[in-house]
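# here is a sequence together with a model predicted from it:
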Amino acid sequence: MVVAFVLALVETGREHQAAEEALKVQHVVEATITYGTWDMVIKVSTDTLNELDMIITEIRTISLIQQTETLIGI
């Protein structure tokens, strides 16, 4: 099992919409809006690193998301 947290910078004022879009991506189990440097934390749970790569690529195509950084749990 691979668990990762994707930190996302989102278009100002569109955080709730971005979270809704992120939750539509398969294997996204949580999308939490935060205050601070990052606007949202997206939790992903999947079976392999290859799947994780595809999921992160899909998350990054959400137009409201401007920048991401991914933390992979061990």
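Sure, I can see it.

# any idea what the residue nearest the centre of the chain is bridged to?
With distances taken as CA atoms, centre = their mean, residue 42 lies nearest the centre of the chain, 3.6 Å away. Per DSSP bridges, the residues bridged to residue 42 are residue 6, residue 31.

# again with the one 4 residues further on
Here residue 46 shows beta-bridge partners residue 2, assigned using DSSP bridges.

# just the strands in this structure please.
Secondary structure of the chain, counting by DSSP state E: strands at 2-10, 28-33, 40-46, 65-72.

# just list what the last one packs against, helices and strands only.
Judged by 3 or more CB pairs under 8 Å, 6 or more residues apart in numbering; DSSP states H and E, the packing partners of strand 65-72 are strand 2-10, helix 49-60. Glycine gets a C-beta too; all of them are placed from N, C-alpha and C.

# again with the longest one
When contacts are defined as 3+ CB pairs under 8 Å, 6+ apart, strand 2-10 sits against helix 15-23, strand 40-46, helix 49-60, strand 65-72.

# one more time with 7 Å
Packed against strand 2-10 by the contact rule (3 or more CB pairs under 7 Å, 6 or more residues apart in numbering; DSSP states H and E) you find strand 40-46, helix 49-60, strand 65-72.

# deepest-packed of those, please.
Among those, strand 40-46 has the highest mean neighbour count (mean count of other CB atoms under 10 Å), at a mean of 20.

# and it, C-alpha only, in CSV?
C-alpha atoms of strand 40-46 as CSV (Å, rounded to 0.1, in the frame of the first residue of the first chain):
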residue,chain,number,x,y,z
MET,A,40,-5.0,22.0,0.2
VAL,A,41,-3.7,18.6,1.3
ILE,A,42,-4.9,15.7,-0.8
LYS,A,43,-4.5,12.2,0.6
VAL,A,44,-4.0,9.4,-2.0
SER,A,45,-4.0,5.7,-1.2
THR,A,46,-3.0,3.2,-3.9
